[in-house]
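Engineer: Next input, structure requested:
(chains A, B, C and D)
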Protein chains: 2
Amino acid sequence: MNESPLRANQSSGKAPQPLTERQRQILRFVVREYVASGRPIGSRALAAGTGLGVSPATIRSEMAALEELGYLQHLHTSGGRIPTDQGYRYFVANLMGDIELPSSERQTILQQFREAELQLDRWIELAAATLARAAGNVSVVSAPVAQLPRLRHVELVALQPHLGLVIIVTSTGAVRQVMAHWTEDTGQEILSPLADSLSAALRGLTAEEIEAHAAGASGAALIALAHIVTAMRGMATTGALRHSGLENVLAQPEFSDAAEAQELLSLLGGELFLSAMLPRLGEGPDVQVFIGKENPEDKLRRLGIVVSTYGINGEVVGVLGVVGPTRMAYGRSISSVRYMARLMSDLMTDLNGE
Amino acid sequence: MNESPLRANQSSGKAPQPLTERQRQILRFVVREYVASGRPIGSRALAAGTGLGVSPATIRSEMAALEELGYLQHLHTSGGRIPTDQGYRYFVANLMGDIELPSSERQTILQQFREAELQLDRWIELAAATLARAAGNVSVVSAPVAQLPRLRHVELVALQPHLGLVIIVTSTGAVRQVMAHWTEDTGQEILSPLADSLSAALRGLTAEEIEAHAAGASGAALIALAHIVTAMRGMATTGALRHSGLENVLAQPEFSDAAEAQELLSLLGGELFLSAMLPRLGEGPDVQVFIGKENPEDKLRRLGIVVSTYGINGEVVGVLGVVGPTRMAYGRSISSVRYMARLMSDLMTDLNGE
DNA sequence: CGTCAGCACTCTCGCAATGAGAGTGCTAGA
DNA sequence: TCTAGCACTCTCATTGCGAGAGTGCTGACG
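Structural biologist: Modelled structure (predicted):
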């Protein structure tokens, strides 16, 4: 009904003639039914299912028209029709309606986050698991990446005479610990005051600014500073991806072939996703959807991807989304991703004090 | 050649007559070849491959004998033979020889660990990835679980007026951070001395002993203590499992069926592994191998599992292993698991000061 | 002009039959 | 004890066939 802003790019250049209401109903039914069953839809099922009160023959001529316009396709001469990527796109943009995650589901999710211990790492994991369940697909959630993380606190802990732990806390509330080898025997009685003075001196500084400080330092302080700088640099670039819900998607016939499944797996492990998703960040205001061939990467051509971003006070710090076969429940996925993106943004913003 | 201590349990009660050298050669070849190719081995391939200088007919009678003894089996009348679970067991115990991971491989692994930042969590991840690659199977690595973790250090960091971070470091060098809501406005100038006094008072204590301290506390100290206790309890029970290398195994014909793959996936996500592996901890001195029906759980009946433990100064703190189809390269897996278990033990022991 | 019933056509899918190929068990001879 | 030969069995890939499903087209009807 309403033109939602979910469109990625207009694939066909010519402005097509608008579909009739009956064609829209047919297209909607085909998409819904095909997503649910995975089998092509024939004219008889349509006549029975849509309740249009017309015969299969009429439906057939309408379907032929929809095929001509590029919304449906024909795998075999006989065997019903399935949506094209363009058909899915039209469905998402015009036919799906604005779905909200049911409030019972929202309650369950909120409850889970409340019960989780308040640990940032756990949140990412929990978000991935929850999103996968809600959307019924594979979910991908990136850990928050601050473009310019600032140091909030440093702590130094002695483990052994020559071995210590450098713990840093940044402005986003992220904690990172690194082990450090001291060249000299360095106990807690030395480390504690050192940590205090470092915390006081470096509070609010970025990795670059801290590096400048390192020039005048020596001994354990120098070693600690070096670790702090590399750790903070790592936090700015390592957008570690967590994924979850593979089992949802392995059950789909699209991945019954082991080779397909394996490709998806290697895709999830690699950097391709990040590089495919990151450039689009911040463009659209809301959830973005990429269907099949709309994806820039060849390897993603058979997948549907629904992504959004989350941030702190409007600044983007991470991405989350779901991945599935092109034939996926876009409505469910979009509403799940949208809700989870908002929830993560709220949580991160709450956490971020300054 | 040598009776190695890898045996789990003697499945058949009767002491069988010892195999002749020729039978052993045949069995060894069948296992090796079947593991490599996945297809049953016929008498012709054996005559050509073993270099015994006897005709296929002779091989056939030997194979019939091996089948009678329970080491080989016959899926179809025609179509070669494959090892039984007992056949694999004999191979692992007597035919495999003592394989060491090639030193080039060991070097590569060591190099990777050196390059990794010194973070415990990364180690687990790295160990899983490395083990999967070296063994060519799915690897499973548990995070170290200290039966009785003792507190080494507490740190408190202010995030917002009413929100802070409780960071604890335990005797194993593990770091855990939890967010805490203060009932009153509590800044860093209050938290720092509190952390110092808590660290001094609680150093070396277990969760139970710390709980006793909580009785007399109030305000932020009480809240912090509660979080410390639950976090330490969590560390004693949460043996979070990391797995890696699914792609190695999905390529195997055993898992080309999506249902099989899905079952493995749910197995890896669940607690079944842990409960199946944990009771055996510390029994054997070295690597343990469970082949097919030797596994207690029905769901594991089609899998081969190679596990070992790692520890600190001999005390077991974690398990690691690989999982694959029954038809897996046991030699490679065993040597990989053994090496990784030693490496992890060394790393953890180095880390553990006291 | 839109709708619809009928009909021939096409394609998939499942099933049975067939034949080649591979491997075995058995027997008799060296 | 080993070996060669032979009949037998089973799998696997291919082929042919019929049922079923779905389409496109045509001509009739309001």
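
Engineer: which parts of the stretch 1-150 of chain A sit against DNA strand D?
Structural biologist: A:40, A:42-45, A:56-57, A:60, A:63-64, A:67, A:74, A:77-81 (C-beta under 7 Å from any atom of the strand). Just so you know, the C-beta spots here come from the backbone N, C-alpha and C atoms, and that holds for glycine as well.

Engineer: Okay, now the unreliable bits of the stretch 1-150 of chain A?
Structural biologist: The stretch 1-150 of chain A contains residues with pLDDT under 70 at A:1-17, A:117-118.

Engineer: Could you look up the SS state of A:Val166?
Structural biologist: At A:Val166, secondary structure determined by DSSP: H, G, I helix; E, B strand; the rest coil is strand.

Engineer: got any ranges where the stretch 251-354 of chain A has weak pLDDT?
Structural biologist: A:276-285, A:352-354.

Engineer: one more time with 50, if that's ok
Structural biologist: A:354 (pLDDT under 50).

Engineer: all strands for it, in order.
Structural biologist: A:288-291, A:303-312, A:315-325 (DSSP state E, counting those that start in this stretch).

Engineer: near DNA strand C, which residues of chain A?
Structural biologist: Counting by C-beta under 7 Å from any atom of the strand, chain A sits next to DNA strand C at A:Gly53, A:Val54, A:Ser55, A:Ala57, A:Thr58, A:Ser61, A:His76, A:Thr77, A:Ser78, A:Gly79.

Engineer: Which residue would be the closest one in the stretch 201-350 of chain A to DNA strand C?
Structural biologist: Residue nearest to DNA strand C within the stretch 201-350 of chain A: A:Pro253 (10.7 Å; C-beta to the nearest atom of the strand).

Engineer: right, and that residue touches A:Gly38 too?
Structural biologist: Yes - using C-beta atoms under 8 Å, A:Pro253 is in contact with A:Gly38, at 5.5 Å.

Engineer: Keep only those of the residues of the stretch 1-150 of chain A next to DNA strand D that are in strands.
Structural biologist: A:His74, A:Arg81 (DSSP state E).

Engineer: Just the buried residues of the residues of the stretch 1-150 of chain A next to DNA strand D.
Structural biologist: Among those, those buried by neighbour count (16 or more other C-beta atoms under 10 Å in any protein chain shown) are A:Pro40, A:Gly42, A:Ser43, A:Ala45, A:Arg60, A:Met63, A:Gly80, A:Arg81.

Engineer: near chain B, which of the residues you listed show up?
Structural biologist: With the criterion set as C-beta under 8 Å from any C-beta of the partner chain, no member of these is near chain B.

Engineer: Quick check: the two most widely separated of the residues you listed?
Structural biologist: Across these, the longest distance by C-beta to C-beta is 13.6 Å; it joins A:Pro40 and A:Arg60.

Engineer: which residues does A:Ser256 contact?
Structural biologist: With contact taken as C-beta atoms under 8 Å, 6 or more residues apart in numbering or on different chains, A:Ser256 is in contact with B:Asp257, B:Ala258.

Engineer: where's A:Thr130 relative to A:Arg122, distance?
Structural biologist: 12 Å (C-beta to C-beta, to the nearest Å).

Engineer: neighbours of the residue of the stretch 201-350 of chain A closest to DNA strand C, just the number please.
Structural biologist: A:Pro253 is flanked by 12 other residues according to other C-beta atoms under 10 Å in any protein chain shown.
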